[in-house]
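Chemist: Below are the sequence and a predicted model; questions follow.
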Amino acid sequence: MTQALSEQLLALATDKRLTVTTAESCTGGMVAAAITDIAGSSTIFERGFVTYSNQAKHDMLGVRTETLDAFGAVSEEVAREMAEGARSAANADIAVAISGIAGPGGSEFKPEGRVCFGWSSIQGTGSETIEFGAIGRDKVRQASTKHALQKLLNAATLL
């Protein structure tokens, strides 16, 4: 399924001359890998960011320490700042960001399977939280990758 989404994204972004980037935490580069698995992806994708730690989010994407302290890494606020920072750093038209609890584990307040997505384009920014549930680390990461690709495709459609 990610291959089909990546192929659609490549075709649409190429046609519209758009570039995309990713800022990933719990997926560890899976979205970037899904995009770059498709031949010709270099026309739309120059770089992505794997920012697993809070320090990396701050250093590479400019996520404010105050935001991390107030809301935690797994939050829509951080996901939005990650997307904005990635879009700026990559000079891309569209960015998607992912931060979540893939598992195992979690807490009462941030359970396993909670993933926050952020996106940024010239039309603005947005975010959402998806509760995938305790379906296992691999499945949370796969579902998050698919969802992020769909977000990129949706954003490209609107531009």
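Modeler: Good, I have the coordinates.

Chemist: would Ala95 count as being in a helix?
Modeler: No. Using DSSP: H, G, I helix; E, B strand; the rest coil, the assignment for Ala95 is strand, not a helix.

Chemist: burial count for Ala143?
Modeler: 18 (other CB atoms under 10 Å). In short, each C-beta sits where N, CA and C put it, glycine included.

Chemist: and the helix or strand containing it, what does it pack onto?
Modeler: Take DSSP states H and E as the rule and Ala143 turns out to sit in helix 137-158. Secondary-structure packing of helix 137-158 (3 or more CB pairs under 8 Å, 6 or more residues apart in numbering; DSSP states H and E): helix 2-16, strand 20-24, helix 30-36, strand 94-100, strand 114-121, strand 124-131.

Chemist: Nearest to Ala79, out of these?
Modeler: For Ala79, the closest of these is strand 114-121, at 3.2 Å, according to CB to CB.

Chemist: on that earlier part again, make JSON lines out of the helices and strands packed on helix 137-158 and add mean pLDDT, mean neighbour count and distance to Gly106.
Modeler: Shown next, in JSON lines, are the helices and strands packed on helix 137-158 (pLDDT from 0 to 100; neighbours: other CB atoms under 10 Å; distance: least, CB to CB, whole Å):
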{"stretch": "helix 2-16", "mean pLDDT": "97", "mean neighbour count": "17", "distance to Gly106": "24"}
{"stretch": "strand 20-24", "mean pLDDT": "98", "mean neighbour count": "30", "distance to Gly106": "19"}
{"stretch": "helix 30-36", "mean pLDDT": "98", "mean neighbour count": "22", "distance to Gly106": "20"}
{"stretch": "strand 94-100", "mean pLDDT": "98", "mean neighbour count": "30", "distance to Gly106": "10"}
{"stretch": "strand 114-121", "mean pLDDT": "98", "mean neighbour count": "26", "distance to Gly106": "7"}
{"stretch": "strand 124-131", "mean pLDDT": "97", "mean neighbour count": "14", "distance to Gly106": "11"}
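
Chemist: For Glu77, find the nearest of these.
Modeler: strand 124-131 (7.6 Å).
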